[in-house]
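Enquirer: have a look at this fold, sequence not included:
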C-alpha cells in the first residue's frame, strides 16, 4: 500500500543534542510537510516543500531545518533541542500545493522526548 | 485570514448515542473542507471531505454537509462506538494558490460502553 512512513516512532534526545527525524513516501507526491503537534493541540505547520522549493512558515524557529534530497524522502533537523521542542512531529504529503479537494496524507508521527 | 472554529471538547457519549461536532469556517477564497481523525498515539487520517456547496462527505457512518450559507461543516454520526474515541479535526484549504491546511483546535471524543 502506498503510504507515508516516519522513523523512528519514538525518539529520545538530550537537551541541546542535534536530532534528525525522517519521513519517506511511496505516493510520489510533489509536496511534503512537517508539522509539530503538542499535547491537546492542532498540528502546527513548520514548513513544506513543493518539489525542491522550500517554504518556511514565518514563525518557525531557526532551530528547525529541513532537507529533501529526493521526491521520496524528507528530513527534519532540530539543531539544539530545547525542552519546549518535545512534541509529536507529523510528516504529510499531498499531490499539489492547493486546489480543489487537495487532501494531505499523514504519517504516524514521531514522538520526540527531550531530557 | 482563513480560520476554522470547532466546538470545544471533550465530548463524552455513551455507545450508540448520536454525535454532532460543530465546525464553522471563514475563508477568503472558495474552500474545500475536511474532517480528520486522530486515534491515540497515531497520525491524522482523512475521515471525509467536501469540495463544493451542498456536497455531503461520508465515511464509516460519519457524515458532514458543506453549507455555504451558514459557513458550516458539522460532523454527525447516528450511533457511535467505543472505537470512535479519538480527536476530530475540522480543516479547510482554499482552492487556489498554495494554501496549506488550516485546522480547527480539535475535539476529543470519548465513547463509553
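Expert: Here it is on my side, so go on. Since we're looking at a predicted model, the values are computed, not measured. Numbering: from 1, shown residues only, chains lettered A, B, ... in the order given.
Enquirer: which helix or strand in chain A has the lowest average pLDDT?
Expert: Least confident helix or strand, chain A: strand A:53-56 with a mean of 90, by mean pLDDT, DSSP states H and E.
Enquirer: which residues does that one contact?
Expert: Contacts with strand A:53-56, where a contact means C-beta atoms under 8 Å, 6 or more residues apart in numbering or on different chains, come from A:46-49, A:66, A:68, B:98. (Glycine included, C-beta is placed from N, CA and C.)
Enquirer: neighbours of residue B:105, how many?
Expert: Per other C-beta atoms under 10 Å in any protein chain shown, the neighbour tally for residue B:105 reads 16.
Enquirer: before we move on, back to that, out of the contacts of strand A:53-56, which is most surrounded?
Expert: Within these, most neighbours by other C-beta under 10 Å means residue A:48, with 25 neighbours.
Enquirer: might you report the residue contacts of the residue nearest in space to the middle of chain A?
Expert: Nearest to the geometric centre of chain A sits residue A:34, at 2.6 Å (C-alpha atoms, centre = their mean). For residue A:34, the contact set (C-beta under 8 Å, 6+ apart) comprises A:23, A:45-48, A:64, A:66, A:74, A:76, A:89-91.
Enquirer: chain B contacts on chain A?
Expert: Contacts of chain A with chain B, taken as C-beta under 8 Å from any C-beta of the partner chain, map to A:4, A:6, A:33, A:40-43, A:45, A:48, A:50, A:55, A:90, A:92, A:97-109, A:111.
Enquirer: and the strands in chain B?
Expert: B:3-6, B:11-14, B:19-21, B:23-26, B:31-38, B:44-50, B:56-59, B:62-65, B:75-77, B:86-94, B:102-103, B:107-112 (DSSP state E).
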